[in-house]
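Engineer: sequence first, predicted coordinates after that:
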Amino acid sequence: MRILVNISYQGSQFLGFQIQQQGRTVQQQFEKILKRMHRRHVRIHPSSRTDRGVHAYEQFFHFDTELNIEPKQWKYAMNRALPDDIYVNDVQHVDYQFHCRYDCVGKRYRYRVYQGSHRNPFESGLKTFIKEDLDYSKMNEAAKHFIGTHDFTGFCSQKTEVESKVRTLYQSEIIITDEGFDYVVTGSGFLYNMVRVLVAFLIEVGKGKRNPNEVPTLLNEKNRDNVPFTAPAEGLYLEKIYLSEKGLTTDFGDNIKIHRKKSLQND
């Protein structure tokens, strides 16, 4: 049977989601538990592969098993064995045709920034600190330019190795908080470091070093050298995974463009 697991994790002490040759990862923690239960290696398949230091309010993975265990018992067994910085929110049985990455039609990220006269050590690893005053209005103006279907070659890592760098963003906005701001972005998929590059550019706009009206030109130029900064990983949270088209249309309307994955290119 195929099992779908909904998890949250605080990413500060992980080298990312995906298993590495050495070091602590989220995938490693779960596959270690599953190996102990099955007495063989069991691979898990996530909806997204977060980088080192990135957190997740909601992340999914699936795995196949021959063990006849009820979902609530899976949840109990995993949470009992997991470290304090990972938690299993829910477990359910799914059809064998379901695949966590192929059936993922959208994701939402939240990037959290706090401001003040000095760093707060209790926010270390959880939010990004910006000391300078920022123009939120101009930042939001710039953020809106990213909504729609665009080639984001100029706003992702140069290490990105996918054939198409076209993605559709349904939401891109600055939300003012008591401590600073959150940048919330929802899209069909995201390229490597894409959200962190978008945030870095928006912060430059907020400081008055870039202009919101540059965005269309930068998208057309497709040159990462024109947007050379990347925001730190610590402020980034994977907030929501859309595993059905209905979820997307409920949040953003029936007329949106939905990307159905035929490959694993959309991360």
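Structural biologist: Received it, and whenever you're ready, just let me know what you need.
Engineer: quick one: neighbours of residue 72, just the number.
Structural biologist: With neighbours defined by other CB atoms under 10 Å, the count for residue 72 comes to 10. (Glycine included, C-beta is placed from N, CA and C.)
Engineer: can you report how many residues lie near the nearest residue to it once chain neighbours are set aside?
Structural biologist: Nearest-residue entry for residue 72: residue 91, 7.4 Å, with adjacent residues in sequence omitted and distances by CB to CB, 6 or more residues apart in numbering. When neighbours are counted by other CB under 10 Å, residue 91 registers 21.
Engineer: and what of the one 5 residues further on?
Structural biologist: With neighbours defined by other CB under 10 Å, the count for residue 96 comes to 9.
Engineer: now the one 10 residues further on
Structural biologist: Here the count is done by other CB under 10 Å, and residue 106 has 27 residues near it.
Engineer: can you check residue 186 too?
Structural biologist: As a measure of burial, residue 186 has 23 neighbours, counting by other CB under 10 Å.
Engineer: need the per-residue pLDDT for the residue nearest to residue 72.
Structural biologist: Among the per-residue scores, residue 91 shows a pLDDT of 98.
Engineer: report the central residue of this protein.
Structural biologist: Residue closest to the mean C-alpha point of the chain, counted by CA atoms, centre = their mean, is residue 238 at 3.5 Å.
Engineer: which ones are touching the spatially closest residue to residue 257 that is not a sequence neighbour?
Structural biologist: Distance criterion CB to CB, 6+ apart; nearest residue to residue 257, sequence neighbours excluded, is residue 168 at 5.1 Å. When contacts are counted by CB atoms under 8 Å, 6 or more residues apart in numbering, residue 168 touches 148-150, 187-188, 256-257, 259.
Engineer: what values do phi and psi take at residue 122?
Structural biologist: Backbone geometry at residue 122, expressed as degrees, to the nearest 10, gives phi -80, psi -10.
Engineer: what pLDDT is listed against residue 101?
Structural biologist: At residue 101, the pLDDT value in this model is 93.
Engineer: where does it land in three-state SS?
Structural biologist: Secondary structure of residue 101, reduced to three states by DSSP: H, G, I helix; E, B strand; the rest coil: coil.
Engineer: which pLDDT value does the model give the nearest residue to residue 10 once chain neighbours are set aside?
Structural biologist: Of all residues beyond its chain neighbours, the one nearest residue 10 is residue 85 (4.4 Å), with distances taken as CB to CB, 6+ apart. We note a pLDDT of 98 for residue 85 in this prediction.
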